[in-house]
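Visitor: with the sequence up front, the predicted model follows.
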Amino acid sequence: MVRYRFLLGLAAALSLHQWCPVRPVMVLGGSMEPTLRHGQLALVHRGHYTRQPPRQGDVIVFRHDNMVQVKRVHALPGQRVWEVHYRDSADTVFLLDPDALPRARQILERDPTVWITARDVPPGNLYVLGDGGNASYDSRHYGTVPFSAVLGKVLLRESTEHAATQALDRATLRLERVHD
């Protein structure tokens with residue numbers, strides 16, 4: 001009788017775990033700091049995007065190269081992202097504010113080790129960034145993420161609009177820091 005109750009309880013717990021729309025995930029690495037820290041538990045709503053598409057600023061969990069990753073949605077399908085690449089540092093890629101493009105081209109045309117590329121987000125894909133700026137391995141390195149790889153939305157306590165603005169600022173090349 002005790003064994004029967006134990007098995008019944010185990011079956012109930014497993015089915016609840018399987019069908020519960022919210023699951024905990026452990027954040028590994030510092031690419032989402034300061035929003036999410038290494039070792040922090042975050043709650044992921046797995047069914048959030050069954051009713052609505054991801055929005056700019058959402059923090060999502062997705063699968064890439066057989067790893068589960070947490071990043072922020074920066075650009076949606078049909079949007080263009082400008083990237084600044086450095087020949088001497090393949091890991092350092094900054095974003096560029098489209099309004100600064102003419103001045104950036106003037107400055108950067110004098111330096112053949114730096115170039116600008118435009119990346120258009122294709123239908124059914126997202127361009128994602130880590131909140132940690134260049135400490136993050138994200139769409140600047142491996143390209144866009146298909147909707148089909150998205151596992152859910154991270155439920156955050158703070159306003160994501162302010163955090164998204166700060167994250168974008170950390171990843172964007174500021175021309176006032178570049179001398180003519």
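Guide: Sure thing, it's come through. Numbers count the residues shown, from 1 in each chain.
Visitor: need the distance between the two termini of stretch 24-41.
Guide: 6 Å (CA to CA, to the nearest Å).
Visitor: count of neighbours near residue 66?
Guide: The tally of other residues near residue 66 (other CB atoms under 10 Å) stands at 5. Using the backbone N, CA and C atoms, a C-beta is placed for each residue, glycine as well.
Visitor: for the one 4 residues further on, same thing?
Guide: The burial metric for residue 70, expressed as a neighbour count using other CB under 10 Å, is 25.
Visitor: hmm, it is touching residue 32, no?
Guide: Yes. Between residue 70 and residue 32 a contact is recorded at 5.5 Å, counting by CB atoms under 8 Å.
Visitor: mutual contacts of those two, please.
Guide: Taking CB atoms under 8 Å, 6 or more residues apart in numbering as the contact rule, residue 70 and residue 32 both touch residue 59.
Visitor: can you pull out the strands in this structure?
Guide: 22-26, 41-45, 59-64, 67-75, 80-86, 89-96, 114-120, 125-129, 145-146, 150-155 (DSSP state E).
Visitor: so for the longest one, what gets flagged as buried?
Guide: Taking 16 or more other CB atoms under 10 Å as the neighbour-count basis, strand 67-75 is seen to contain the buried residues 69-75.
Visitor: now stretch 124-134: buried residues?
Guide: By 16+ other CB under 10 Å, the buried positions in stretch 124-134 come out as 125-134.
Visitor: and that stretch, how far out from the chain's middle?
Guide: Here stretch 124-134 shows a centroid-to-chain-centroid distance of 3 Å under the convention CA atoms, centre = their mean, to the nearest Å.
Visitor: measure the spatially most central residue of the chain to residue 100 for me?
Guide: For the chain, residue 71 is the residue whose C-alpha lies nearest the centre (CA atoms, centre = their mean; 2.3 Å). Per CB to CB, to the nearest Å, residue 71 is found 24 Å from residue 100.
Visitor: next: residue 156.
Guide: 29 Å.
Visitor: about what we covered before: looking at it, the residue nearest to the centre of the chain is touching residue 59, isn't it?
Guide: Yes. At 7.3 Å, residue 71 and residue 59 qualify as touching, with contact defined as CB under 8 Å.
Visitor: circling back to that earlier point, if you count what's nearby, which of residue 156 and residue 100 comes out ahead?
Guide: residue 100 (17 against 14).
Visitor: any low-confidence regions in this protein?
Guide: Along the chain, the model assigns pLDDT under 70 to residues 1-2, 4, 6-20, 89-92, 157-164, 167-180.
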